[in-house]
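1. please work out how this folds:
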Amino acid sequence: QPAIVQCAHRRGEALVHIDACALGDQLRVHQAELLSKAVGRRLVVNQVQLSLMHAQLIAQGARINMHQGFASAVGTLDYCRLHDLRLQAWSPLAQGDLVHPPHDAPESVHHTSALVHELANSYGTNPAAIVLAWLLRHPAGIQPVVGTTNIERLRQCCEADGIELQREEWYSLLERAQGQGVP
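-> Modelled structure (predicted):
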């Protein structure tokens, strides 16, 4: 979580000391500006929670004139793209919920998982690769950060690099995960 009570200058000093001035963590637009100013360097990475099941940063662009959304992050995706700030998605597999949904998962998770599995079958791949391919298809050049050290799971995740979802498939996944159509 961003430290609300920690000034950007102090946070910037910490980054300078570890020589990692290029890394932000869940920064919103103005937080990125403040941190960049504090360290005197341009940030190049912002790591945010982003997955098919946590896609508010992406969905808000399609629903900008609607009364729904994730107001605290409005503009973050566009800001990152405009300033060449690479987005790294942590928890891109939604803790595996779309690969193996828990029995008590919300209906949207089960419906999205069904489509993920259907697409995996049609592409001759595994469900994790489809979930990651969804992120990779976005023009922002999102970099998924998978949290596994299991070699077989890493191999499965790497299959996403060879998959380019069709536009209709990409939007179908977004709509299914959000539980509503895209205008």
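
2. look up the closest residue to the one residue sitting closest to the centre of the chain, ignoring the ones flanking it.
-> Taking CA atoms, centre = their mean as the criterion, L50 is the residue nearest the geometric centre of the chain, at 2.5 Å. Leaving aside its chain neighbours, L50 sits nearest to A89 (3.8 Å; criterion: CB to CB, 6 or more residues apart in numbering). Backbone N, C-alpha and C define where each C-beta goes, glycine included.

3. go on, S108?
-> Spatial nearest neighbour of S108, chain neighbours left out: G179 (4.6 Å); criterion: CB to CB, 6+ apart.

4. what about the helices in this protein?
-> Here the chain has its helices, by DSSP state H, at 8-17, 29-39, 56-62, 76-82, 107-123, 127-136, 151-158, 167-178.

5. and those helices, which one averages the lowest pLDDT?
-> Per-stretch mean pLDDT for the helices of the chain is lowest at helix 8-17 (a mean of 46).

6. the residue nearest to L50 is in contact with P144, isn't it?
-> Yes - contact criterion CB atoms under 8 Å: A89 and P144 qualify, at 4.9 Å.

7. neighbour count winner among these two?
-> A89 (24 against 21; other CB atoms under 10 Å).
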